[in-house]
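Student: would you be able to build a 3D model of this:
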Amino acid sequence: MENFVCNKKNLFALEIAYEITKKQKEPGYNPLMYYGKSGSVKTHLLRAIANESSIIYDYHSIFYGNIEGLFHSIDKKYNMYCIDDIHYFINNIQLQEKFVAFLDACLPAKKQLVCACSEFFFSNKGFSEILRSRIESGRIIEIKNPDLDVRMRFIKNQCIIYNINITHEDILLLAQRYEHLHSISSVLQKLVIYKKTMQRDATKQYIKKNIHHSNKHGSLTPRDIIHQVGEYFSLPPEEIMGSKRKPDIVFARQTAMYLCREILGISYPALGKFFFGKDHSTIIYSIKKIEKYIVTNKDTYNEITKIKNRCSNINSESYHDNFVRKQH
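Tutor: All right, here's what the predicted structure looks like:
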C-alpha cells in the first residue's frame, strides 16, 4: 500500500482500505464497494488492498480479479475477495442472481469482500433490488480521479521502482497531458522497454516523442489497429478476429490485443468482448507474451514499433483532416 499515491480527496478511501487489511476478528465494512469514473485508480487501490492483505493472509487465499474470473474459480476457497469491474454484469439477471448467492454464502462465513465499479452502482436500473440491498449492507465509497499533484507523485514513484530517469519538466508535461494513470503507465512502460532493449536510458527525443504522441488515439479504433496489423502481416482482419490457431495468425492476434491495450488503454474484459468473447485470462496471457517478446527479441520490438507508427500516422492524418475542416 505504500506505493499507492493519493491526497486529501481520496484519503478516507485509503484509510478504510488500510483498516480492512489489518487482522481483525471479523471483516469490517463488508462488502466494501469503491466506485468512480474511468481512470479513478479503483483498480490500483483494489490491487494494493490484495497485496497488503497478503501480509496477514496466505497470498493463495486471496482472490483478485473480475467477475468472470470469480465465476471460473467459484469452487475455490478464499479468505478475501477483491473483485473488479462488477458493472460488467449489468442487465444480466442470471449472473446477478449467481453473485447474490455467492454473497449470501461468503458474508455469514466472514469472508472479506471488496468490489469496484466504474459507475455509481445504484444510479443504474440494470441491477436488481436484491443485489443493491446486499451491497448497501456494507460501505460504499467514491474514488475521485487523480489530480495533477497525485499524477506527478505517481510518475516519480514509478520512475524509482523501474529505475528510469526523466526530468522534472517531462514529469510535469506527462502529468498535465494525461488524466488517467493507465495512460501514464503506458508511456512509462515504453521507457522501461527501451532501457531493457537498448541497455541505456531513453533519449530526450524519444521521451518527448512518446509524451506528445503516445495514447493520443483521437479517432483511432480497435478495428483500425487490427487492420494495420493485418496489412503488416498480410492477413485479413477476419482471421485475426477469428479462432484459427495457425502460429502466424495467433501471433498477429496477440499483437493486435497488445496494441489495443497499449495504445487505446482498453480493459481486459472489454478486449475479451471485442475479440469475440475470449476469456480475460487469454487476453492477459497474449499481452504478456508480446511484452516478453518485445524485451527479449529485437526483431519483434522493431515489428511492433513499425505497426505503432502506422497507427500514429492514422491519428496524424485524422487530426489534420479535423483541423482543416474546422478552418473551413
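Student: what mean pLDDT does the strand or helix carrying residue 189 have?
Tutor: When elements are assigned from DSSP states H and E, residue 189 belongs to helix 181-198. Mean pLDDT, helix 181-198: 86.
Student: okay, buried residues for the helix or strand following it please.
Tutor: Helices and strands here follow DSSP H and E; after helix 181-198, the next one along the chain is helix 204-213. Judged by neighbour count (16 or more other CB atoms under 10 Å), helix 204-213 contains these buried residues: 207, 210-211. Using the backbone N, CA and C atoms, a C-beta is placed for each residue, glycine as well.
Student: so what touches helix 204-213?
Tutor: Identification of contacts with helix 204-213 by CB atoms under 8 Å, 6 or more residues apart in numbering yields 166-167, 170, 173-174, 177, 187, 190-191, 194, 202, 312, 315.
Student: number of nearby residues for residue 59?
Tutor: Here the neighbour count serves as a burial measure; for residue 59 (other CB atoms under 10 Å) it reads 11.
Student: before we move on, back to that, make a PyMOL selection of the buried ones in the contacts of helix 204-213.
Tutor: In PyMOL, selecting the buried portion of the contacts of helix 204-213, with burial taken from 16+ other CB under 10 Å, looks like this:
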select buried, resi 166+170+173+174+177+187+190+191+194+202+312+315
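Student: could the contacts of helix 204-213 be laid out in JSON lines, adding distance to residue 290?
Tutor: Compiled in JSON lines, the contacts of helix 204-213 are given as follows (distance: CB to CB, whole Å):
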{"residue": "166", "distance to residue 290": "24"}
{"residue": "167", "distance to residue 290": "30"}
{"residue": "170", "distance to residue 290": "26"}
{"residue": "173", "distance to residue 290": "28"}
{"residue": "174", "distance to residue 290": "24"}
{"residue": "177", "distance to residue 290": "25"}
{"residue": "187", "distance to residue 290": "17"}
{"residue": "190", "distance to residue 290": "13"}
{"residue": "191", "distance to residue 290": "17"}
{"residue": "194", "distance to residue 290": "16"}
{"residue": "202", "distance to residue 290": "20"}
{"residue": "312", "distance to residue 290": "18"}
{"residue": "315", "distance to residue 290": "21"}
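Student: residue 311 is in contact with residue 220, isn't it?
Tutor: Yes. The pair residue 311 and residue 220 qualifies as a contact (CB atoms under 8 Å) at a distance of 6.1 Å.
Student: hey, what's in contact with both of those two?
Tutor: What both residue 311 and residue 220 touch, as defined by CB under 8 Å, 6+ apart, is the set residue 263.
Student: distance check, the residue most central in space within the chain against residue 274.
Tutor: By CA atoms, centre = their mean, the mean C-alpha position of the chain lies nearest to residue 267, the distance being 5.1 Å. Noted for residue 267: a distance of 10 Å to residue 274, by CB to CB, to the nearest Å.
Student: all set, thanks.
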